[in-house]
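*Asks:* Here is a sequence with its predicted model. Questions after.
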Amino acid sequence: MATSRAGEYPEPGPRGWIRGRGRFILVLVLLAIFYSASWHLARVDPAKLLTGLPKMAGWAVKAWPPATDELPVLLLRTAETIAMAAIGTTAAALLALPLCVLAARNVTPSLAIYYPARWFLNALRGVDSFVFALLFVAAVGLGPFAGVLGIALHTWGSTAKLWAEAIENIPPGPLEAAAATGASRLKVVSYALLPDVAPSMVSVGLFWWEFNVRASTVLGVVGAGGIGQELKNSMDLLLFPRLLTIILLILVTVTVIDHASEWLRRKLE
Amino acid sequence: MAPAQARVAVAPAPPIVAAAEGLTKRYAPDVTALAGVSFAVAPGEFVAVLGPSGAGKTTLFRCLTGLTRPDHGTVRIDGRDIWTGARELRAARQTVALIFQQFNLIRRLTALENVLVGRLAHVSTWRVLLRRFTRADRQRALSCLDTVGLLDKAAVRADQLSGGQQQRVAIARALAQNARVILADEPVASLDPESAATVLASLRFAVGAGVAVVASLHQVHLARGYADRILALRAGRLVQDAPTAQLDVRALEQIYERSAP
């Protein structure tokens, strides 16, 4: 290697897109424009927060102690929420199982199936379960079933996409070795592929169940049943002690589900 | 050479299980990977393929397994040209087993379950889906593990085994496949000397059971220690095809030296 100055090696220049001082300043300016535009569009107004805070503090004072007279009904609604998430997520997982194989580039039977499968999953993923639930409330009426359908459709797309990515990330060697014995594609996928991806698939499924328990606490706001419906009623009627009970119930439920799911996932690693 | 031997001995000509006839493969007009390579392998024969990197060893193995179609020449397994149709290719795949440098076991399955991969093509689809193999298949897989000396590791997960043990499980998988030919592309290139020796001994054992083994190796002394016959490739041409005892070691060493960059 030639040296530029006596006894000194030439250092490689900075790598990547942000090279040189001019580019760096340009990036800073662009970021400043983006955030100031966002600040205005989002109508951020700290003064309003300052005047609103005492109001909330007043509610908090009025909310204590939490109402316990309706606890049985509220517990039932909480169970409804967990059930909605469980049925919706499980249905989504069953639907995602065949689709994730079609939407994984390394095992799909043909690209003519791969691309439509991807588009379909992206469309499902693009619509939030909240929006789906809104549509289903109109179609099948008020109640948790609309929530189940909303959760199932959105989670179907999300789960299948993440599973397909897990499949695409496994090393190709073992699949090649199994295919080289003359075994059919279905045999290779079920015997050689599934054990490799099963733990991450279960992990993804548990994550979505946990996520859907949290998401379905608000599904009631659009009339899709569960504890969210009670939350909205209490807010509308300004029943603060009842509201506090509901919020505490949601916190406890989400915390317990999060820990249970995390514990299960750690067991599977 | 072969016809002369046949005339001298009254016994019929030795059976041939795998044969390459005039294999030629070019990747570009000026890049010749193989140029008219011909040889035949008999059951119970251990053939080592030597040659520096870029000599055409990997292309030769890809042609023999039907992964790459040669421009000219034929590959015959059990006397049948593997390129006559999809059925012939699949039949050849079941007769020929592959051993890879990186073992390619299914990490989360046990050694026994990995050996059973060799039975997949012979088992009905519902048995594979439910993972319920017959007692005969399980017993057979266990005996293959016994052959490579890993019966006590049957219930151990593949990713808990050492490199040498994993490669021996891969050999047991090939044996469970009922393969009559084992093609091994650099089977010991990523192993320490001791593991390499146990792997080659296992391949030697398969040869004793009547399997034909064709293995590419990097070290001349390993080829001399385990193979019956040595093929040397240089720039896509077969420059030596001789029984190990008659190997011209000096000529072989020159091949490596001259092609070194």
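*Replies:* All right, it came through fine.
*Asks:* what helix or strand is the closest residue to A:N122 other than its chain neighbours on?
*Replies:* Beyond its immediate neighbours in the sequence, the residue positioned closest to A:N122 (C-beta to C-beta, 6 or more residues apart in numbering or on different chains) is A:G157, lying 7.0 Å away. To be clear about C-beta, it is placed using only N, CA and C from the backbone, and glycine gets the same treatment. Here A:G157, judged by DSSP states H and E, is contained in helix A:144-168.
*Asks:* after that helix comes which helix or strand?
*Replies:* Beyond helix A:144-168 in the direction of the C-terminus, DSSP H and E gives the next helix or strand as helix A:173-179.
*Asks:* Centre of the chain to that next one, how far?
*Replies:* With C-alpha atoms, centre = their mean, to the nearest Å as the basis, helix A:173-179 stands 33 Å off its chain's centre.
*Asks:* As CSV, could you dump the C-alpha coordinates of it?
*Replies:* Listed in CSV are the C-alpha atoms of helix A:173-179, where the atom choice follows Å, rounded to 0.1, in the frame of the first residue of the first chain:
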residue,chain,number,x,y,z
GLY,A,173,-29.4,-26.5,3.1
PRO,A,174,-31.6,-28.8,5.2
LEU,A,175,-34.5,-28.3,2.7
GLU,A,176,-32.2,-29.1,-0.2
ALA,A,177,-30.9,-32.2,1.5
ALA,A,178,-34.5,-33.5,2.2
ALA,A,179,-35.6,-32.7,-1.4
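*Asks:* Does that helix reach chain B?
*Replies:* Yes - on the criterion C-beta under 8 Å from any C-beta of the partner chain, helix A:173-179 is in touch with chain B at A:G173, A:P174, A:E176, A:A177, A:A178.
*Asks:* Can you tell me the closest non-neighbouring residue to the fourth one?
*Replies:* What it means is A:A177. In space, A:A177 comes closest to B:N104 once its chain neighbours are excluded; the distance is 3.8 Å by C-beta to C-beta, 6+ apart.
*Asks:* Quickly name whichever of the residues of helix A:173-179 next to chain B is closest to A:A215.
*Replies:* Nearest to A:A215 out of these is A:P174 (C-beta to C-beta; 36.4 Å).
*Asks:* Around the closest one, how many other residues sit close by?
*Replies:* Residue crowding around A:P174 was assessed by other C-beta atoms under 10 Å in any protein chain shown; the count is 26.
*Asks:* What of B:D192?
*Replies:* Here the number of neighbours of B:D192 (other C-beta under 10 Å) works out to 11.
*Asks:* quick one: contacts for it?
*Replies:* By C-beta atoms under 8 Å, 6 or more residues apart in numbering or on different chains, the contact list for B:D192 reads B:G163, B:G164.
*Asks:* hang on, the residue nearest to A:A177 in a strand?
*Replies:* No - under the criterion used here (DSSP: H, G, I helix; E, B strand; the rest coil), B:N104 is coil, not part of a strand.
*Asks:* so where's chain A uncertain?
*Replies:* For chain A, applying pLDDT under 70 flags the ranges A:1-6, A:14-19, A:269.
*Asks:* how about the helices in it?
*Replies:* Residue ranges of the helices in chain A, as given by DSSP state H, are A:20-41, A:46-63, A:71-102, A:111-126, A:129-140, A:144-168, A:173-179, A:185-188, A:194-219, A:227-236, A:240-268.
*Asks:* can you tell me which of these comes nearest to B:L34?
*Replies:* Taking C-beta to C-beta, helix A:173-179 is the member of the helices of chain A nearest to B:L34, at 21.8 Å.
*Asks:* Contact residues of the stretch 51-200 of chain B facing chain A?
*Replies:* The interface of the stretch 51-200 of chain B toward chain A, taken as C-beta under 8 Å from any C-beta, is made up of B:65, B:90-91, B:93-94, B:97-98, B:100, B:102-109, B:117-118, B:120-121, B:123, B:125, B:128-129, B:131, B:170, B:173, B:177.
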